[in-house]
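Colleague: below: sequence and its predicted model.
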Amino acid sequence: MEPKNAEEPFLPTADPRRAEKVAAVKKVKAVCKWIPLLAIFAVFVVYQTFSPSHSGLPGDSQNQTITLEVQATNFGRSIPSTLFGIFFEEINHAGAGGLWAELISNRGFEAGGRSTPSIIDPWYPKGDDHDVMLSTEETSLFRRNPIALRISVLCGTASNPCPADGVGVVNPGYWGIDVRAGKFYTVTFWLRSDTSVDLAVKFISEDEQRTLAQQTLKVEKVNSSSWEKYSFRLEANDTDHQGKFALTTAVKGSIWLDQVSAFPEETYKGHGYRTGLAQMLEDLKPAFIRFPGGCYVEGERLENAWRWRDTVGPWYERPGHLGDKWNYWSDDGLGYFEYLQLAEDLDTAPIWVFNNGISHQYSVTPRLIQPWVDDVLDGIEFARGPKTSKWGRVRAAMGHPEPFPLNHIAIGNEDCYRPWYRENYMAFYNAIRAAYPEIKLISNCDATNGPLDHPADYYDFHIYTNAYNLYSMAHQFDQKSRADGPKVFVSEYAVTGADSGTGSLLAAVAEGAFMIGLEINSDVVEMASYAPLFVHAKDRRWNPDCIVFDNWQQYGTPSYWVQQLFKDSNGARLLPFSLSSTWGSNPIVSVLRRHDKDLDADFVLIKAVNFGNDVVPVRITFNGLPADGILYTNSTIATLTSTHAMDENSFAQPKKITPQISPMEKPNSDLQVVLPPYSIVALDLRLADTPKGLDSTFTYLML
Ligand code: AHR
């Protein structure tokens, strides 16, 4: 039997409870009718709370105030001095064409392969086909990078004179060479020639019509089998951010060229790092630098993985390699030594992630792992060994006789579930622990929900997710067991996907909340770094990133500026506080007491994250501070926000979203601050001086 009305459920008429049942069903249906409307209302409420775009106007929140009560004299524990650092990965041309200031791309002509004829991108001929021809030959004087360029000059005869500005070869660098009038550049290359020849070595403009800098050379030594090194300073007398390098002649004959390098004379600490980019790192005051990857360390195929040994020694002897995960060639000018030197120059601790015989497509079996273990032990000796040791001698010859303080090492990257990780891990672990018991070792396996099945000093935790998830993960480590076991190294985290755009305020604010959670849980989380650090705007392989650059300019995404708001956290002490309100959800807050070395003064640093669409007023009280305990004239408030949560910085507006810092005014009564929608506010309150030699806690208790 079919129901009469499809709207009504079928119930047999003989059932005495039919009327009752029909009534009950009708009631349920009546409620159900409202479900879509209720759902729309719920979505609206959630949207109001978490909407990524907002009007910036206060809602009825105006009548509500949150009270933050700080126990100013009740010192909590210290945040580890290691907590916030940076993670440098060779991704997005972060190093080659980025932090490493080398201006010539594919300087040794090796990028196109080791067999000839090979591709020489981005080099190209200057001059027409009937005037000049380029080819590659395996005739380099450097054993490990065998390819050299041959320039066959066909013009230069009475019947075929060369053009006035000569013919030869051009290199446009990494999407242009930044040439600036008044600046000096160091140019180096190796050359041989079968004729006596006049050469012009120059920087030219993008359209190749202007000469920006020039040096002429007379090559007298006519010996087609003997290479000569040329190295000189080039002063630019004109500017073009999109300049090119060129080597030209008007004399017929053959020239061979190899290992062509051009560097700006000014580099960070004189060690080859691009000044503007390195300065942005220094400004973060990072506690450590993890390097050189990431998946870059593993590679897709093991034969293309980053191998420390191939990146040390004289730059012109390094073979370079194709980083096949992020799919570009690196001449490896920025090698293992240069990473260690960078750590020293930034006054930060190096953390080396080594390749443990695992790539994305291949794992070495335990029976064959020993040579890989030996290779890593050699690498540690390179960093830490005395200058008399085999590898310490190589380091010393590179200009650093003193050992580098390499005290943290990660055994692979994201490899826990790849074949043989655990077995091979133990081979590396045992060998390193036996030789260097003080080195802290980092496992790729996650111990968040239970102990590891192998020993480790740290376990690596990576998280890339949407903004709301990361914001919620401010509490990720609240429940983590405090029992003995490895500490947490959150070595990669960021908001990704639609919420991040190419570096949105929304993402940055969520990251700020997550970082506050790390501060609060820094008894178990001892190190953390945002990822990735750099992106060349012309080669975005991963999005978003902390610092965006091209060949001549750079800016920090809002995420970078959030990192800056945490630059004083390492080593500060947490102060207890309580938040009280009738508010649905409180801001995420941390309160620290930090010592400013430059001013020799103590500050209370309060950071509050508002991850919502309302304006949130906060009243702040201090327990244990006398009325004049804060020197407001020396105190500041920094606010990071924007009109829309999806706003970003850009080359056109590099500082649209940065912390806006203003001096504090002494309040008449309680201290009140307002957290704008989607914002991070940092109050840095200078405490009145305490007599020297007295613990400030004691002093305040005495007042
Ligand atoms: O940071 C980008 C990549 O994300 C890293 O290479 C890898 O470790 C992670 O999957």
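Modeller: Received the coordinates, thanks.
Colleague: mind checking how far the residue in the stretch 201-350 of the chain positioned nearest to the ligand is from K325?
Modeller: The ligand sits closest to G294 of the stretch 201-350 of the chain, with a gap of 2.9 Å, by C-beta to the nearest ligand atom. Every residue, glycine included, has its C-beta placed from N, CA and C. With the distance defined as C-beta to C-beta, to the nearest Å, G294 ends up 8 Å from K325.
Colleague: show me the shaky parts of the stretch 601-703 of the chain.
Modeller: Applying pLDDT under 70 to the stretch 601-703 of the chain picks out residues 690-703.
Colleague: who touches both of G294 and K325?
Modeller: Here G294 and K325 have I91 as joint contacts, going by C-beta atoms under 8 Å, 6 or more residues apart in numbering.
Colleague: more neighbours: which of those two?
Modeller: G294 (27 against 24; other C-beta atoms under 10 Å).
Colleague: isn't the more buried one right next to P532, touching?
Modeller: Yes. Assessed by C-beta atoms under 8 Å, G294 is found in contact with P532 at 7.4 Å.
Colleague: need the overlap of contacts for these two.
Modeller: Residues touching both G294 and P532 by C-beta under 8 Å, 6+ apart: F87, E89, I91.
Colleague: name the nearest residue to H408, sequence neighbours excluded.
Modeller: The shortest distance from H408 to any non-neighbouring residue, by C-beta to C-beta, 6 or more residues apart in numbering, is to I351 (4.3 Å).
Colleague: an error on my part: the question was meant for G335.
Modeller: The nearest residue in space to G335 (C-beta to C-beta, 6+ apart) is T311, at 2.8 Å.
Colleague: quick one, what contacts the one you found?
Modeller: Each residue near T311 by C-beta under 8 Å, 6+ apart is listed here: R318, D332, L334, G335, Y336, F337.
Colleague: check the contact between the fifth one and E381; I expect there is one.
Modeller: Pointing back at Y336 there. No. If you go by C-beta under 8 Å, Y336 and E381 don't touch, sitting 11.9 Å apart.
Colleague: of the two, which one has the most company?
Modeller: Y336 (26 against 20).
Colleague: show the contacting residues for the more buried one.
Modeller: Counted by C-beta under 8 Å, 6+ apart, Y336 has contacts P292, W308, T311, V312, W352, G379, F382, A383.
Colleague: redo that, cut-off 6 Å
Modeller: Applying C-beta atoms under 6 Å, 6 or more residues apart in numbering to Y336 gives the contacts W308, T311, V312.
Colleague: gap between it and Y458?
Modeller: 21 Å.
Colleague: how about the residue in the stretch 601-703 of the chain that the ligand sits nearest to, phi and psi?
Modeller: As assessed by C-beta to the nearest ligand atom, the ligand sits closest to E648 within the stretch 601-703 of the chain, at 19.3 Å. When quoted as degrees, to the nearest 10, the phi and psi of E648 stand at phi -140, psi 160.
Colleague: what's the neighbour count on it?
Modeller: When neighbours are counted by other C-beta under 10 Å, E648 comes out with 23.
Colleague: can you check H241 too?
Modeller: 14.
Colleague: hmm, back to that, how close does the residue of the stretch 601-703 of the chain closest to the ligand get to A94?
Modeller: From E648 to A94 the distance is 19 Å (C-beta to C-beta).
Colleague: of all residues in this protein, which one is nearest the centre?
Modeller: L533 (1.3 Å; C-alpha atoms, centre = their mean).
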